[in-house]
Structures are given as C-alpha cells and as structure tokens.
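J.: How does the following fold in three dimensions:
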Amino acid sequence: MTELTAPNVVASPTRSDRRRKLVQNLLRGERPYMLYIAFVILLIVFSLSSPWFLSVDNFLNIGRQTTLVSIIAVGMTFIIIARQIDLSVASTLALSGMAAALAMSQINNSWIVGAVAGLGTGALVGLINGILTTQLSIPSFLVTLGSLSMARGLAMMVTNTKPVIITNETYFAIFGEGTFLGIPVPIAWTLAAMIVGILLLHYNVFGRRIYAVGGNPTAALYSGINTKRITTAAFVLTGTLAGLAALVLSARSHAARPDVVQGMELDVIAAVILGGCSLFGGRGYILGTLFGSLIIGTLNNGLVLLGVSSPMQLVIKGAIIVAAVAFTKR
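T.: Numbers count the residues shown, from 1 in each chain. Just a heads-up that it's a prediction; the model follows:
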C-alpha cells in the first residue's frame, strides 16, 4: 500500500525571524538600513546641537544646497553601476554654464538657445568620454581625469577667465528662482531628474542592461547586449545632467563663471556610494543616491551651523567616503 506524504510546505517567516534578519543586515552594514539610520542620526544630532536646524527654511536650504550634487548623482549612479567612473562632471558643469551664457549673449538673449547650448555641451562631453572609454579601451578613470582638465581649461579660455552675465528673467524663473506647484524650482528639477532616473533604471530595458553590463560584462556581451553603446549612453546621460545642473547654477547666480564647483565630483561620488552603489558595479538604486546626497547636504549644513571649520569639514567628508567604501560588499 502506497504511503502518502504531505507536500513540503515552506513556513512564512515570523515576526521574530524578520527582526533577526534585520539585525543581521544592520550588523553587516547592509543598505538601505544603514543609510536610513545614518540619516536619522544626523537629524537627531544636529537638531539637538543647533536650535536653527529643525526649521522649514533650513530644510529648504538643504534642498537647494544639494540640488547640483543630486542632479548629477543620478547620472553618476548609472555610470558606477556600469563599472565606470566620471571625474569630469564638475568641469563639465562649468563648461556647460559658460556655453549657455555665451549662447544667450550672442543669439537674441534667448533662454531656449541657452538651455539647448548648456545641455548639448554637457551631452557632447559625455559622448566624448564614452567613446574614448569604450572604443579605445582606455580606463574611464584616466579618460575623465583628462577631460576634467580640458573642460575646465576650455571654460576659462572662452572668456579669458571672465564671468558672463545673464540678464534673461525667464531663464531665472525656469531654472533658478521661480516655483513649481509651490516647490522652489531647483528642488523641482532635482525631483524631475530623480523620477526620470528611477524610470530609466528600474522600469526600462536600458536600466536592466546597465545592471547586466556592470554585473558581468562578458555575460552581457554574449547575451547580445551592446555593452559599448550602453556604457556610452550612461556617460551621455551624466553629461546632460551636468548641463542641467549648470543651467540651475547659472540661473541662481545670474552669471556663468569658469571656476565654479571645483572638487564637486567628490561630493557626487560620495553621495552615490553612500546611497548603496558598489564601486565594483552591478548594484545601486536612485532613491539611495537621493538619500546619500541628502546625507552629504545635511552634514555640510549641520557642520556650518555648528561652526566647524572648512578644513575639518573636508576631513570629515573624506572619512565618510572611506567608511562607505569599506561597507561596500560584492
């Protein structure tokens, strides 16, 4: 007589199992848990240390301060997931801002011309970075290290290091000083970049191919993915977002200067790594990048309110980058 056996039933995890799993993830430094906890700790420490920290105006100020880093960090997320790096984003921003301001000054003071020139310049620098990296098989670190210097030099050469004044009020309203649904325009552009980044990375075939290229380039190539084209597209996207950041910065300051945001690429990379991206590629998400950028902005804001010197701020941010890389796992 055949003996009937009950099918194997997998028990659903209990509340204690989920709690144990959460503790294990925290002890291993897994994100997003550590990211959220770090952000909450910063809020608590600075709110207890400064009476001005917990105010709507200060939080809006943090949002404005992190705009440039957050916008560019969206593109940098794609690049780092694809196992690349872009050190030229700050110089690309400076060059794009100069291109936008010069285009407006030469062609009827049109904000549309300026916007197209700024975005186009950023995309062109990204395209050059991508082609040199993929077609000549030069490490992106070296390619973008060179373009960092060249883009900054070109920005200084076009006006002999002089700033270019912008007078278009519509340009100011659209990119720097207006509001959209009650939200300051710089923050609105940040949210728009984040939404586009989330849709591309998490809900589009392009994002799946980025993960594939970063996770295992050889397997991605054998599966029919044009890895060179995908990598180049990531560089173009990052350059375009650097151009958008240039429009925001120049609209806020009413001028384009060739010496702006020097060293900002470090803040961008720090935000992406803090947000959970692996420097080894194949892992990362846009929402984490946003939190990483907010952590950097909150840290900068809180340290200023506490009167910490600029050199010490650099030391603290550098230590955070090292700690973030130490927590990065395969």
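
J.: Could you use CA atoms for every contact and neighbour count after this?
T.: OK.

J.: Can you list phi and psi of the closest residue in space to Met156 that isn't next to it in sequence for me?
T.: Once its chain neighbours are removed from consideration, Met156 has its nearest residue in Pro258; the separation is 5.2 Å (Cα to Cα, 6 or more residues apart in numbering). Summarising the backbone geometry of Pro258 under the convention degrees, to the nearest 10, its torsions are phi -80, psi -10.

J.: So Pro258 versus Ala82, what's the distance?
T.: 30 Å (Cα to Cα, to the nearest Å).

J.: now swap in Ile296 and tell me
T.: As it turns out, when the distance is counted by Cα to Cα, Ile296 lies 23 Å from Ala82.

J.: same question, Ser253
T.: Using Cα to Cα, Ser253 is found at 34 Å from Ala82.

J.: Which secondary structure elements does the lengthiest helix in the chain sit against?
T.: Longest among the helix segments of the chain by residue count, using DSSP state H, is helix 227-253. With contacts defined as 3 or more Cα pairs under 8 Å, 6 or more residues apart in numbering; DSSP states H and E, the packing partners of helix 227-253 are helix 67-81, helix 89-106, helix 111-135, helix 169-172, helix 205-215, helix 217-222.

J.: Helix or strand next in line after that helix, which one?
T.: Per DSSP states H and E, helix 227-253 leads on to strand 255-256 as the next helix or strand towards the C-terminus.

J.: Would you reformat the helices and strands packed on helix 227-253 as CSV and include mean neighbour count?
T.: As requested, these are exported to CSV (neighbours: other Cα atoms under 10 Å):
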stretch, mean neighbour count
helix 67-81, 30
helix 89-106, 29
helix 111-135, 22
helix 169-172, 19
helix 205-215, 21
helix 217-222, 15
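
J.: out of Ser253 and Ala82, which sits in the busier spot?
T.: Neighbours per residue (other Cα atoms under 10 Å) separate Ser253 from Ala82, with Ala82 holding more: 30 against 14.

J.: And the residue nearest the centre of this protein?
T.: Central residue check for the chain by Cα atoms, centre = their mean: the C-alpha nearest the mean position is that of Ala73, 0.5 Å away.

J.: measure it to Ala103 for me?
T.: As for Ala73, its distance to Ala103 is 26 Å (criterion: Cα to Cα).

J.: do the same with Met312
T.: With the distance defined as Cα to Cα, Met312 ends up 40 Å from Ala103.

J.: repeat for Met194
T.: The separation that Met194 has from Ala103, given Cα to Cα, amounts to 28 Å.

J.: cool, Leu200 as well?
T.: Distance from Leu200 to Ala103, counting by Cα to Cα: 30 Å.

J.: How far away from the center of its chain is the longest helix of the chain?
T.: In terms of Cα atoms, centre = their mean, to the nearest Å, the centre of helix 227-253 is set 10 Å apart from its chain centre.

J.: Show me what the mean pLDDT comes to for it.
T.: pLDDT averaged over helix 227-253 equals 95, rounded to a whole number.

J.: Show me which residues of it are buried.
T.: For helix 227-253, the neighbour count (16 or more other Cα atoms under 10 Å) marks 227-228, 230-252 as buried.

J.: quick check: angle from it to helix 111-135?
T.: For helix 227-253 and helix 111-135, the angle between their directions (axes from the mean of the first three to the mean of the last three Cα atoms, to 10 degrees) works out to 150 degrees.
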